[in-house]
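1. Pasting a predicted model and its sequence here:
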Amino acid sequence: MKLTNIKYIFLKEVRSFFNSPVAYIVIVVYLAILGWFFVSNLFINNMSTLRTVFEMTPFLLLFFAPAMTMRLISEEKKSGTLEILFTKPIEEYEIIAGKFFAAWALYFFTLLPTLCYYVTITLIGTLDAGTVIGGYIGLMLVGAVFLAVSVFGSALTENQVVAFIVSLFIVFGLFMLDKVLFYLPISLANILEYISVDYHFSNIARGVIDTRDIIYYISAIGFALFMATSVLQRRRWA
C-alpha cells in the first residue's frame, strides 16, 4: 500500500469539499437539525442528556452519508477523470481508501461542534463520561460504515442521483434490520440482528466497548470498500 497515493487522493478530496459549498452546507444543515432536537429536549422536555445526539445522528446519516459521497466516484466517471487516474501509478484500492477517509474526515468535522452540547450539559448537570466517549466512538464507527457503503454506491454509477438512491437504500436496510426481528424466526432474527448497524451501536453507546462490535464495524467497512474497489477494477479492465 502506497500511503503517499492515499494521502494525495485524501487531500484532493478534502480540498474539494471545503473549496465548494458542500462541506459547509452539510455541517450547517446537520447542526441545525440536531440542534433543534437538542434544544427541544433541554428546554421543553427538561432533559439534560446527550441521548438526542446519539439517537438522531445515525438516522440523519441515512441521508447525509449518501449526500456526502454521491459525487466521489460517480463524478469522476462522468467527467472522465477516473480514466486519467487509471493512467497514473495508483491502485484502485488507494483511490477508494483516499476518498473514504476524506468523507470520514468531513463527517468528523461535522460531528465535532456537537461537543458544545456536552459542555452545555456539564454546566447544568452531570454526565457519565464513559457513556459519552462510547457514544462518540460509536457514532464515528456507524458513520464509517454508512460512508463506506455510500462510496460503494457511488462507484456503481456515473449518475449522482442514482448513487444517492442506491446508497440510501442499502444504509436504510442496514439501519432497519433489528427493527423487524419480532416478525422473523429466531434463527434468522439472530443473524439479522448481528448484521444490523444500530444493534452494535446501541451496545457501544452504553459505554460498553465489546470486541465483537469492533470486529463487526471493521468487517463491514472493509467489505464495503472491497466491493467498491472491485467495481473500479472491473471498469479499468472492461
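-> Structure received. Residues are numbered from 1 along each chain as shown.

2. Please count neighbours and contacts with C-alpha atoms only from this point.
-> Will do.

3. Where does the most centrally placed residue in the chain fall, secondary structure wise?
-> Centroid-nearest residue in the chain: residue 143, 2.6 Å away (criterion: C-alpha atoms, centre = their mean). Element membership for residue 143, per DSSP states H and E: helix 129-155.

4. packing partners for the next helix or strand after that helix?
-> The helix or strand immediately downstream of helix 129-155 is helix 160-176, counting by DSSP H and E. Contact here means 3 or more C-alpha pairs under 8 Å, 6 or more residues apart in numbering; DSSP states H and E; on that basis helix 160-176 packs against helix 51-69, helix 74-79, helix 129-155, helix 197-205.

5. same thing but 7 Å
-> helix 51-69, helix 129-155, helix 197-205 (3 or more C-alpha pairs under 7 Å, 6 or more residues apart in numbering; DSSP states H and E).

6. pLDDT averaged over the last one, what's the number?
-> When pLDDT is averaged over helix 197-205, the result is 83.

7. how far off helix 129-155 does the helix or strand following that helix point, in degrees?
-> Moving toward the C-terminus from helix 197-205, the next helix or strand (DSSP H and E) is helix 211-237. With axes from the mean of the first three to the mean of the last three C-alpha atoms, to 10 degrees applied, the angle from helix 211-237 to helix 129-155 works out at 20 degrees.

8. rewinding a little: quickly compare the helices and strands packed on helix 160-176 and say which is most buried.
-> helix 129-155 (a mean of 25; mean count of other C-alpha atoms under 10 Å).

9. What is the distance between it and the centre of its chain?
-> Its chain's C-alpha centre and that of helix 129-155 lie 5 Å apart, by C-alpha atoms, centre = their mean, to the nearest Å.

10. which helices and strands sit right next to the worst-scoring helix or strand of the chain on mean pLDDT?
-> Within the chain, no helix or strand scores below helix 186-195, which has a mean of 76 by mean pLDDT, DSSP states H and E. With contacts taken as 3+ C-alpha pairs under 7 Å, 6+ apart, helix 186-195 sits against no other helix or strand.

11. Return the set of buried residues in that helix.
-> By neighbour count on 16 or more other C-alpha atoms under 10 Å, the buried set for helix 186-195 is 189, 192, 193, 194, 195.

12. Distance to residue 161 for those - can I get that in CSV?
-> As requested, these are exported to CSV (distance: C-alpha to C-alpha, whole Å):
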residue, distance to residue 161
189, 33
192, 28
193, 30
194, 30
195, 27
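
13. Looking at these, which one is closest to residue 102?
-> Among these, residue 195 lies closest to residue 102 (C-alpha to C-alpha), at 25.4 Å.

14. Which positions in the helix or strand in which residue 121 is found come out as buried?
-> Using DSSP H and E, residue 121 sits in helix 115-124. Within helix 115-124, the residues that count as buried by 16+ other C-alpha under 10 Å are 117, 118, 121.

15. contacting residues for the first one?
-> With contacts taken as C-alpha atoms under 7 Å, 6 or more residues apart in numbering, residue 117 has no neighbouring residues.

16. do you know how far it is from residue 111?
-> The gap separating residue 117 from residue 111 is 11 Å, by C-alpha to C-alpha, to the nearest Å.

17. Fine by me, thanks again.
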